[in-house]
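1. Compute the structure for the input listed below.
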Amino acid sequence: AASLANSTTSYHLLPQHPLIEIQKMQRLPSGEVVITPRNFKLLEELEKSEKGQGEMSGHITYGLLDNNDIFMKEWSGSILGPHRTAFENRIYNLKVTIPEDYPVVPPQVKFVTKINLNCVDSNGNIDKSRVRAIRSWDRNMGIEQLLISLRAEMISKDNYRLRQPEEGAHY
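-> Below is the predicted model of the structure:
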């Protein structure tokens, strides 16, 4: 038991340890650092989404594509187009792929529903350099923040009036 405690302690004290890179870190009021494993973070995100507890519930949704996916790698997301924009009254569906080193790196996101947005290429892929949440990504962010950031792109001055593809069109 002592060796297990020592190995656990050393695990948390070695910032260069490769496993640390796939963890979520939080600092307690006592100053102690707590590292949440990748799958625990994803389970928290899934529960929050299923309960509709997000900042933008009603405007964005997300969840697992396959409830039997034990690695929680493939997710779907949707964004309700903001009012007073070219996106209004439309639902945009997305595919979200969670990499092994999440949350250190952001998920990969691709629109399934065709959209004309300056941060999306002709195949529905996100231009990572043009989405604020991806540019400023840190391990405490999640799928929700990424979808909120994409929705914010829809109301930006560069995008809110862009002519949209025919409703129901897909990549």
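2. contacts, neighbours, all on C-alpha from now
-> Noted.
3. which residue is nearest the centroid of the chain?
-> Centroid check for the chain by C-alpha atoms, centre = their mean gives residue 143 as the closest residue, at 2.0 Å.
4. contacting residues around it?
-> Listed by C-alpha atoms under 8 Å, 6 or more residues apart in numbering, the contact partners of residue 143 are 45, 62, 107.
5. Out of those, which is nearest to residue 98?
-> residue 107 (4.7 Å; C-alpha to C-alpha).
6. residue contacts, the closest one?
-> Residues near residue 107 by C-alpha under 8 Å, 6+ apart: 96-99, 143.
7. Select from those every entry located in strands.
-> The members of the contacts of residue 107 that map onto strands under DSSP state E are 96-97.
8. Just name the lowest-scoring one in the contacts of residue 143, pLDDT-wise.
-> Confidence by pLDDT is poorest for residue 45 among these, given 92.
9. Secondary structure class of that one, three-state.
-> Per DSSP: H, G, I helix; E, B strand; the rest coil, the local secondary structure of residue 45 is helix.
10. re the thing from before, Serialize the contacts of residue 107 to JSON lines and add fields for pLDDT.
-> Output for the contacts of residue 107, formatted as JSON lines (pLDDT from 0 to 100):
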{"residue": "96", "pLDDT": "98"}
{"residue": "97", "pLDDT": "98"}
{"residue": "98", "pLDDT": "97"}
{"residue": "99", "pLDDT": "96"}
{"residue": "143", "pLDDT": "96"}
